[in-house]
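*Asks:* Predicted coordinates and the sequence they were generated for:
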Amino acid sequence: GGIPSNINMHQFLALAYIDRFASEELQKKYLKAGISGKRIGALAINESNISSDPSAITTRAEKQKNDYILNGSKNFVVNGVYGDFVIVAAKTDPDAGASGISLFIVDSDAKGFSSRKLDNVGWHCADAAELTFENVRVPASNLLGEENMGFYYIMECYQLERLIAAVTSVASSQFCLDHTIEHVTDRQDFDQPMSQFQSTRHTLSNLATEVEAARRLTYHAAWQYENNDQAIKECTMAKLYSTELGKRVADECLQYFGEYGYTADSLISRLYRDARIATLVGGSTDIMREIISRLVIDDFEYRKPSVSLADAPAADASSPDLPLVEEVDEVVEPEPVVEEEELKKATKPVEEPEPAKPVNDNADEPAPKKDARTVKETAAKEKSEEKVAAVTKKEAASAKPESVEKPGKVEQKKVDVKEAAEDPQLD
């Protein structure tokens, strides 16, 4: 509803930008006061002539010495009337398209700044307003981050905005469902509670199941955002599913209240009105589907923007809601370069294998049989050879070994010790 939108705008949008991108001086001035509640902030991006394309804004900021002169208008800004400061997106380089947008912190009491409250269908207490800037002088020190990097800052913070929209829708759906169950349990039709009709029970059972599924998807997206930097796919899916479900839950639950549910002062009618806008803020349902299709079907991958503008990628004007993506091509590893000498060493001549021996196909066939005469002659011959070998061995054993001179050595004779002592030639 309206009250949560005021809180979410201040806490998760305005202060989130200051926390991430503002200088230390700006953080001391606005962040501390915002956390303590002394100053309430807003975020002004949308304009009357644009919807989901931040790159098409027409509000301009012209640099003059140490100031920027701001001219233009913003629309549908929550906290726009009663807020103390507004983060404004403006063109600082009109010819650069999305890459020429910068963000500024503008105090609501600045000269030339005015606001007008809008009369919306829902979110009556959301303080939604149209803002006008006529030659508003903004100090250069109030520039948020770097000049011309505003578009990339917006893209980086979109995921938190969508995640918060999913959380709010899940909570609203659960509240709406609980309120309806209480109503059908108390209301009597045909002498029995409405909760006892099968159609009522089954419809509410289906809605309860879908709300639980949306809750788990949102929990998962929150975990991914906390641990996986941007988590674009998960946050976008959670926002798409939860907000569309919230709209359907409110519509089907209102049916059980009859004509009373259509009166402006009934609680269910307020839930019905407030649920409708959830599919519009933070990117419409169609934009959510397009982002998911690019990530799932086209295999696009998010590329985080660089801190420096010189290294920042160009924005994709065809889909400004998801500019920082690129298609992932197949990575082809280059073939290693081999030096000529290494190639020669590596390519040694291959020795040809020895030819295989022919296989005797008849190896398994039995040997031919010999007749008795052949066997007898063979045995006699073997016996004769054994006798000759025995005689030769005996003669060799009885023979005296002859001295064999070894080459290169002189034969030494045995000398009697006594003769050696008398022989003078041996001195």
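*Replies:* Cool, the structure landed.

*Asks:* Going by C-alpha atoms from here, please, whenever you check contacts or count neighbours.
*Replies:* OK.

*Asks:* Now do the closest residue to Y225 other than its chain neighbours against Y153, distance only.
*Replies:* Spatially, and ignoring its direct neighbours in sequence, Y225 is nearest to A231 (5.1 Å; Cα to Cα, 6 or more residues apart in numbering). Per Cα to Cα, to the nearest Å, A231 is found 16 Å from Y153.

*Asks:* likewise G282?
*Replies:* Counting by Cα to Cα, the gap from G282 to Y153 is 14 Å.

*Asks:* So V121: helix, strand or coil?
*Replies:* coil (DSSP: H, G, I helix; E, B strand; the rest coil).

*Asks:* give me phi/psi at it?
*Replies:* phi -70, psi -40 (degrees, to the nearest 10).

*Asks:* which ones are touching it?
*Replies:* Counting by Cα atoms under 8 Å, 6 or more residues apart in numbering, V121 makes contact with 273-274.

*Asks:* Same check on I45?
*Replies:* 54, 57, 74-75, 88-89.

*Asks:* with those in mind, which one is nearest to I181?
*Replies:* Each of these was scored against I181 by Cα to Cα, and N75 proved nearest at 37.8 Å.

*Asks:* Torsion angles phi and psi at the residue nearest to Y225?
*Replies:* Dihedral angles of A231 (phi, psi; degrees, to the nearest 10) stand at phi 50, psi 50.

*Asks:* OK, contacts around it?
*Replies:* Contacts of A231 were listed using Cα under 8 Å, 6+ apart, and they are 159, 221, 224-225.

*Asks:* which parts of the helix ranked longest in the chain are buried?
*Replies:* Taking DSSP state H as the criterion, the chain has its longest helix at helix 150-186. Within helix 150-186, the residues that count as buried by 16 or more other Cα atoms under 10 Å are 150-170, 172-174, 176-177, 180-181, 183-184.

*Asks:* what's the following helix or strand after that helix?
*Replies:* Where DSSP states H and E defines the elements, the next helix or strand beyond helix 150-186 is strand 188-189.

*Asks:* strand partners of the very next helix or strand once past that next one, parallel vs antiparallel please.
*Replies:* Toward the C-terminal end, the helix or strand that comes next after strand 188-189 (DSSP H and E) is strand 192-193. According to DSSP bridges, strand 192-193 forms sheet pairs with strand 188-189 (antiparallel).

*Asks:* any idea of the mean pLDDT in the partner strand?
*Replies:* Strand 188-189 carries an average pLDDT of 82.

*Asks:* do the same with stretch 123-135
*Replies:* Averaged over stretch 123-135, pLDDT sits at 91.

*Asks:* How about stretch 88-101?
*Replies:* 92.

*Asks:* Pull out the buried positions in that stretch.
*Replies:* So for stretch 88-101, counting by 16+ other Cα under 10 Å, buried means 88-94, 97-101.

*Asks:* go on, stretch 56-69?
*Replies:* 56-62, 67-69.

*Asks:* Then stretch 15-35?
*Replies:* 15-18, 21-23, 26-27, 30-31, 34.

*Asks:* What's the end-to-end length of that stretch?
*Replies:* 8 Å.

*Asks:* Need the residues that contact that stretch.
*Replies:* Here stretch 15-35 makes contact (Cα under 8 Å, 6+ apart) with 10-11, 39-41, 142-145, 153, 157.

*Asks:* Now flag whichever of the contacts of A231 is closest to L254.
*Replies:* Set against L254, the nearest of those by Cα to Cα is A221 (29.2 Å).

*Asks:* Buried residues in the helix or strand hosting the closest one, which are they?
*Replies:* Here A221, judged by DSSP H and E, is contained in helix 198-227. For helix 198-227, burial by neighbour count (16+ other Cα under 10 Å) applies to 204, 207-208, 210-211, 214-215, 217-219, 221-222, 224-225.

*Asks:* which of those sit farthest apart?
*Replies:* Going by Cα to Cα, the pair spanning the buried residues of helix 198-227 furthest: L204 and Y225, at 31.2 Å.

*Asks:* any idea how far the residue nearest to Y225 lies from E244?
*Replies:* 20 Å.

*Asks:* Next: Y82.
*Replies:* In terms of Cα to Cα, Y82 sits 30 Å off from E244.

*Asks:* Also R294?
*Replies:* Distance of R294 to E244, computed by Cα to Cα: 20 Å.

*Asks:* Ok, N6 next?
*Replies:* N6 sits at a distance of 21 Å from E244 (criterion: Cα to Cα).

*Asks:* So which of the two has more stuff around it?
*Replies:* N6 (22 against 18; other Cα atoms under 10 Å).

*Asks:* for G150, what are its contacts?
*Replies:* So G150 contacts 89, 99-103, 144 (Cα under 8 Å, 6+ apart).

*Asks:* okay, the residues you listed in TSV with secondary structure next?
*Replies:* Conversion of these to TSV gives the following (three-state DSSP):
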residue	secondary structure
A89	strand
S99	helix
G100	helix
I101	strand
S102	strand
L103	strand
L144	strand
